[in-house]
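*Asks:* Structure for this input, please:
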Amino acid sequence: MTMGGGARLTLLLLVVVAMAACRSEGENKPAPARELPEEPPAQGPITAQATKSIKLATAHATRFKQSCDQGALSREHYLAMRHEIAAAAPFIRRSAEMGSEVLLGPRRSLDEAGGALALLDAALAAEDKAAMEAPLTQILRALRLIDHELVLRPITPKETAQGLSDAAFWLGLGLFEAYPAVPSEPDAVLADLRGAAAGMRRGADALFDLSGKRPATKASHAALSEALASFAKVLGEVSDSHQLTDRASLVKQTARLGVLARDYAVALGVEVKLPYRPRQPLKGGGLDEPVSALTLPAPRVDLRQGDRLQMEALGKKLFFDRRLSQGAQRSCADCHQPDRGYADGLPTPRSLSATPLRRSTPSLLYTSLHAAQLWDGLIASAEQQALKVIHTDAEMGLTEAALMDLLKVDAEYPKLFAAAFEDGLTPANVGRALVAFEVAALVPGTAPIDRFARGEDDALSPAMRRGLDLYAGVARCGRCHVPPLFGGSRPPDFSVPVFASLGMTKGPDSHELDDDPGREKVTKRALDRGVFKTPTLRNVHLTAPYFHHGAFPTLEEALRFYEDGGGRGRGAKVDNLDPDMRKLELSDAARSDLLVFLREALADAAP
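*Replies:* All right, here's what the predicted structure looks like:
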């Protein structure tokens, strides 16, 4: 994950502060909250709580900077600063948008740039005191700007209620250590988790105070407060995140926290939304839906202006039709085989042209939900990906004109397209039909992890639960392989892909770097050399061989590569190695549990 530069952020802050200083006194009046119940401008309990957190964060950041200037790093003040920032974060993103972006980074960033807080954490991890000065200065400026922005625009009750629901979901991601710009060390992760839980409690109390502590809201407030106290108690019993056990059950608790937060909003008469719509609703998709970091989302694909069932049936027929390739040599299913997890089991597929194919065939399972397609993220949508494969000489080799000619003269296809789509047979509708089939058939959601998320507590065995704890903690897998897809697409909207440089070697026993340029070929940036999109680990037991070049035959060999710390750990020079690639020291028992989680907990029932 690539960090952004500090100079641009500093310049941005200076411009914004200067603009704020030039406003007239009349323009500095706080904007009244528009939602009911109304909050008094600037001094209401909601804004006061956030302001208090920001001021405490500022005090701890100042003391941490003083300790740095004196040559002794006060980790205590660093962790306290993170705690207060995490407490305020869900509630300040809209009211203090500019300062929040400098502090925490943009909400969506293809570079996973993070903000000044992430830059400081990276400098701390590298033990580079000189590199700490700039982000620390940015953090202090950003906190002061946020304080000023909260005066200009107080936080509304609606934003607070939505922040409570969002924070509950974020806590689930936090337990997987899978949120953007996650800190390097487990004590900092725990500080973030504790801060988020404390922020939820403070926000709930502020809303209760604002409501006048009405009897109608008392029960909802009490239920949420009790659940938060229970959750915070677990976090208070450990000194860092790696000591957390049975994270699966804790993630399920975050789903309940979200339900209670939304129930509370309803009692207050404030409108909120789910983090996202679930693919398989348990409660009809209402606000009482227990959405957690393990909940599969509904399809993002656009299926409007067509008959869904007709599209799915048509897509299935196209998927298995070899005539969609030059000389009818292969169908989609020949390279995406159901019994191989919709991959092909080969290091690289056979080329239909003189140009060899260098990259392995990725699984199509869950790909319709991914934020980007192909190993280098060249294509954004599954529809475009399907058509690109058909038109690429080495893969299926049919031009758009040849594809249309083939389908038009067929006895069935024109009728099937007319039944499925209002505009009938078009190149775009070929891609839409194929993806309709993928959406319907290739997002099964039948793995033990999915059944657990839907309420089957016994779906995960003790070994799977221990493996999940390792996946999320010591092994650092969740930082790139993000749930619920366990790949490189970030919730809640799954529009941000995750790319990483592992320092990939040519094989499991090699110390020589693979020469595939990876994403550099797309972006033309040297820092993207050897960078690839993070694939899903769902059904990973079926999709060997592994990595973009298919050079690692077994899952054990792939895991050993991570345990070595990637290519750098094997002695190769990798300037842009992902900072989360570190040497692991797993015992045989721990390795066994992690492999059980990967092979069994993420394995769907046979298609």
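
*Asks:* got the buried residues for the strand or helix carrying residue 419?
*Replies:* Per DSSP states H and E, residue 419 falls inside helix 413-420. Neighbour-count burial for helix 413-420 flags 413, 416-417, 420 (criterion: 16 or more other CB atoms under 10 Å). No exception for glycine: its C-beta is placed from N, CA and C like everyone else's.

*Asks:* What of stretch 205-222?
*Replies:* So, applying 16+ other CB under 10 Å, buried residues of stretch 205-222: 205-211, 217, 220-221.

*Asks:* Show me the contact partners of the helix holding residue 419.
*Replies:* Outside helix 413-420, the residues within contact range by CB atoms under 8 Å, 6 or more residues apart in numbering are 306-307, 310-311, 313-314, 317, 407-408, 424-426, 429, 433.

*Asks:* Closest one of these to residue 441?
*Replies:* Proximity to residue 441 was ranked across the contacts of helix 413-420 by CB to CB; first place goes to residue 313, at 10.6 Å.

*Asks:* and the closest one, what does it touch?
*Replies:* The contact partners of residue 313, by CB under 8 Å, 6+ apart, come to 416, 420.

*Asks:* pretty sure residue 500 is in a helix, no?
*Replies:* No: Residue 500 is assigned strand when assessed by DSSP: H, G, I helix; E, B strand; the rest coil, not a helix.

*Asks:* Roughly how far does the residue lying closest to residue 486 once chain neighbours are set aside sit from residue 476?
*Replies:* Distances taken as CB to CB, 6 or more residues apart in numbering put residue 537 closest to residue 486, at 4.4 Å, once the chain neighbours are dropped. Between residue 537 and residue 476 the computed distance is 13 Å (CB to CB, to the nearest Å).

*Asks:* What sits closest to the residue most central in space within the chain if chain neighbours are left out?
*Replies:* Geometric centre of the chain, nearest residue: residue 490, 2.1 Å, by CA atoms, centre = their mean. Spatial nearest neighbour of residue 490, excluding adjacent residues (CB to CB, 6+ apart): residue 496 at 4.3 Å.

*Asks:* Could I get the contacts of helix 413-420 in JSON lines, plus columns for pLDDT, secondary structure and distance to residue 396?
*Replies:* Output for the contacts of helix 413-420, formatted as JSON lines (pLDDT from 0 to 100; DSSP: H, G, I helix; E, B strand; the rest coil; distance: CB to CB, whole Å):
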{"residue": "306", "pLDDT": "67", "secondary structure": "strand", "distance to residue 396": "24"}
{"residue": "307", "pLDDT": "83", "secondary structure": "coil", "distance to residue 396": "26"}
{"residue": "310", "pLDDT": "94", "secondary structure": "helix", "distance to residue 396": "24"}
{"residue": "311", "pLDDT": "94", "secondary structure": "helix", "distance to residue 396": "21"}
{"residue": "313", "pLDDT": "96", "secondary structure": "helix", "distance to residue 396": "21"}
{"residue": "314", "pLDDT": "97", "secondary structure": "helix", "distance to residue 396": "18"}
{"residue": "317", "pLDDT": "98", "secondary structure": "helix", "distance to residue 396": "16"}
{"residue": "407", "pLDDT": "97", "secondary structure": "helix", "distance to residue 396": "14"}
{"residue": "408", "pLDDT": "96", "secondary structure": "helix", "distance to residue 396": "18"}
{"residue": "424", "pLDDT": "94", "secondary structure": "coil", "distance to residue 396": "22"}
{"residue": "425", "pLDDT": "96", "secondary structure": "coil", "distance to residue 396": "18"}
{"residue": "426", "pLDDT": "96", "secondary structure": "coil", "distance to residue 396": "18"}
{"residue": "429", "pLDDT": "95", "secondary structure": "helix", "distance to residue 396": "17"}
{"residue": "433", "pLDDT": "95", "secondary structure": "helix", "distance to residue 396": "16"}
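
*Asks:* Highest neighbour count among the residues you listed?
*Replies:* Ranked by neighbour count (other CB atoms under 10 Å), the contacts of helix 413-420 have residue 433 at the top, with 29 neighbours.

*Asks:* Is it correct that that one is in contact with residue 308?
*Replies:* No: counting by CB atoms under 8 Å, residue 433 stays clear of residue 308, with 10.7 Å between them.

*Asks:* can you list the weak-confidence ranges in this protein?
*Replies:* 1-43, 109-113, 301-306, 607 (pLDDT under 70).

*Asks:* Strands of that one, start to end?
*Replies:* Along the chain, the segments classed as strands by DSSP state E run 489-490, 496-497, 499-501, 531-533.

*Asks:* Make a markdown table from these and add distance to residue 139 to it.
*Replies:* Below are those laid out as a markdown table (distance: least, CB to CB, whole Å):
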| stretch | distance to residue 139 |
| --- | --- |
| strand 489-490 | 23 |
| strand 496-497 | 23 |
| strand 499-501 | 26 |
| strand 531-533 | 28 |
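
*Asks:* Would you mind telling me which of these is nearest residue 375?
*Replies:* strand 531-533 (5.0 Å).

*Asks:* and the closest one, how far out from the chain's middle?
*Replies:* Distance of strand 531-533 from its chain centroid, counting by CA atoms, centre = their mean, to the nearest Å, is 15 Å.

*Asks:* And for stretch 220-230?
*Replies:* Offset of stretch 220-230 from its chain centre (CA atoms, centre = their mean): 27 Å.

*Asks:* same deal with stretch 46-65?
*Replies:* For stretch 46-65, the distance to the chain centre is 28 Å (CA atoms, centre = their mean).

*Asks:* That stretch: which residues count as buried?
*Replies:* Under 16+ other CB under 10 Å, the buried positions of stretch 46-65 are 46-51, 53-54, 56-58, 60-65.

*Asks:* Stretch 319-335 now?
*Replies:* Across stretch 319-335, burial judged by 16+ other CB under 10 Å covers 319, 321, 323-326, 330-335.

*Asks:* Please apply the same query to stretch 192-208.
*Replies:* Those would be 192-208, for stretch 192-208 by 16+ other CB under 10 Å.

*Asks:* Please apply the same query to stretch 387-402.
*Replies:* The neighbour-count check on stretch 387-402 (16+ other CB under 10 Å) flags 387-392, 394-398 as buried.

*Asks:* For those, which two are the farthest from each other?
*Replies:* Most distant of these, by CB to CB, are 387 and 394, 15.1 Å apart.

*Asks:* Would you format the contacts of helix 413-420 as TSV with distance to residue 512 included?
*Replies:* Listed next are those as TSV, based on distance: CB to CB, whole Å:
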residue	distance to residue 512
306	50
307	53
310	51
311	47
313	48
314	47
317	45
407	46
408	50
424	53
425	49
426	47
429	46
433	44
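
*Asks:* and the residues you listed, which two are the farthest apart?
*Replies:* Farthest pair in the contacts of helix 413-420, by CB to CB: 307 and 408, 20.3 Å.

*Asks:* List the contacts of residue 47.
*Replies:* Contact analysis of residue 47 by CB under 8 Å, 6+ apart lists 39, 95, 150, 154-155.

*Asks:* Among those residues, name the ones in helices.
*Replies:* residue 150 (DSSP state H).

*Asks:* ok, so of the contacts of residue 47, who is nearest residue 373?
*Replies:* Out of the contacts of residue 47, the member with the shortest distance to residue 373 (by CB to CB) is residue 95, at 36.3 Å.

*Asks:* My guess is that closest one contacts residue 157. True?
*Replies:* No: the criterion here is CB under 8 Å, and residue 95 misses it with residue 157 at 12.0 Å.

*Asks:* Distance check, residue 99 against residue 324.
*Replies:* Taken as CB to CB, the span from residue 99 to residue 324 is 53 Å.

*Asks:* same question, residue 88
*Replies:* Distance of residue 88 to residue 324, computed by CB to CB: 54 Å.

*Asks:* Over to residue 56?
*Replies:* From residue 56 to residue 324 the distance is 62 Å (CB to CB).

*Asks:* now the helices for the stretch 301-450 of the chain?
*Replies:* 308-319, 332-335, 382-391, 400-408, 413-420, 427-441, 448-453 (DSSP state H, counting those that start in this stretch).
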